[in-house]
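Asks: Below are the sequence and a predicted model; questions follow.
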Amino acid sequence: MIYLKAEFDGCPESVEATPQKLQVDLFGENPLAFVILAEVDGKAIGLATYHFIYSTFLAKPGIWLDDLYVKAEYRNHKIGEALMLRLRQIAQEKSCGRIDWTVAISNERGIKFYKSIGANIINKVRLCRLDSQAF
């Protein structure tokens, strides 16, 4: 699923994750991130990966949605909505102030979907990144 998401994003060569590393980081004693998995007949068809953040402005925790992906043949079947609904429930359970994520400017279908579930698309900020070579 992660590789399919990277293909969708146009960067499959960027995937360095291994099953062993994911086992530790997502399902180990001290998980760094979490996964919501959508399944049909025991087969994974979609996922949402997230981790917790903190807003000093709100003085509350929040959620950073890292990946939201649904296999092409299952899109338009409300799978994405179900994943986002579960993420909203988790945010409420943890008393979060918000859920944040990015969407590619070119992903018009994604932007339309996010707006349909009530998201505000904020164009005033830009993603900044220091990759491992920078530190």
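Replies: Okay, I see it. Everything numeric here is computed off the predicted structure, so don't read it as measured data. Numbers count the residues shown, from 1 in each chain.
Asks: Ala82 - how many residues pack around it?
Replies: 15 (other CB atoms under 10 Å). Quick note: C-beta positions are derived from backbone N, CA and C, even for glycine.
Asks: Without its sequence neighbours, what residue ends up closest to it?
Replies: Ala38 (6.4 Å; CB to CB, 6 or more residues apart in numbering).
Asks: My understanding was that that neighbour contacts Met84; is that so?
Replies: No. With contact defined as CB atoms under 8 Å, Ala38 does not reach Met84; the gap is 10.9 Å.
Asks: follow-up on the earlier one: list the buried residues in the helix or strand encompassing the residue nearest to Ala82.
Replies: Take DSSP states H and E as the rule and Ala38 turns out to sit in strand 34-40. Neighbour-count burial for strand 34-40, counted by 16 or more other CB atoms under 10 Å, picks out Phe34, Val35, Ile36, Ala38.
Asks: Given that strand, what are its sheet partners and their directions?
Replies: strand 43-55 (antiparallel) (DSSP bridges).
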